[in-house]
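**Q** sequence plus the predicted model coming up.
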Amino acid sequence: MYLFDTDTIINIFKPLPSRRLLSKLNEVPPEQHFVSTITVYEIVYGAYKSTRIDHHLHNLKELLLPQVGIVEFDINAAFICGALRVELERSGEPLPLADLQVASIAIANALVLITGNSSHFERISRLPVENWL
């Protein structure tokens, strides 16, 4: 099962999305596609910063959300996130909080994180990461 990071979701809605991404999406049954509440927040934030708010919110509400499962930043993810944040800070390789939350959600739910920022997340040893872009 797969958790799609924000950059991967945004790519789907580009005029020319990654062919590799579209091919991989077709190989994996839709019931294995998940998006986190953090990614939803990031997309909403980006929509309100853009000049096409309604367009982006429509894509989110009408096209994306009905097609994926939603996973939340719950208590298990919170415990994982707190420990990961300290671990990465101590190693001198911190990540932004939103990225830590997405990684923690993936770990807590035993999901593979699909992201174009694989090198960014690979420093978390127990997080399976794939780049479909």
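**A** All right, it came through fine. Numbering: from 1, shown residues only.
**Q** helix or strand next in line after the helix or strand bottoming out on mean pLDDT in the chain, which one?
**A** Across the helices and strands of the chain, mean pLDDT, DSSP states H and E gives its lowest value to helix 118-121, namely a mean of 91. Proceeding N to C from helix 118-121, the next assigned helix or strand is strand 129-130, under DSSP states H and E.
**Q** that next one - contacts with which helices or strands?
**A** strand 112-114, helix 118-121 (3 or more C-beta pairs under 8 Å, 6 or more residues apart in numbering; DSSP states H and E). Every residue, glycine included, has its C-beta placed from N, CA and C.
**Q** tell me the strands beside that strand, with direction?
**A** Strand pairing for strand 129-130, using DSSP bridges, gives strand 112-114 (parallel).
**Q** need the contact partners of the helix of greatest length in the chain.
**A** Counting by DSSP state H, the longest helix found in the chain is helix 75-90. Applying C-beta atoms under 8 Å, 6 or more residues apart in numbering, the external contacts of helix 75-90 come out as 73, 94-95, 97, 100-101, 103-105, 107-109, 123-124.
**Q** distance from the least confident helix or strand of the chain to the middle of the chain?
**A** 12 Å (C-alpha atoms, centre = their mean, to the nearest Å).
**Q** next, count neighbours for Thr39.
**A** Using other C-beta atoms under 10 Å, the number of residues around Thr39 comes to 27.
**Q** I figured it was touching Phe4, is that so?
**A** Yes. Judged on C-beta atoms under 8 Å, Thr39 makes contact with Phe4 at a distance of 6.9 Å.
**Q** one step back: let's have the helices and strands packed on strand 129-130 in CSV, adding distance to Ser50 and mean neighbour count.
**A** Below are the helices and strands packed on strand 129-130 laid out as CSV (distance: least, C-beta to C-beta, whole Å; neighbours: other C-beta atoms under 10 Å):
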stretch, distance to Ser50, mean neighbour count
strand 112-114, 23, 23
helix 118-121, 23, 16
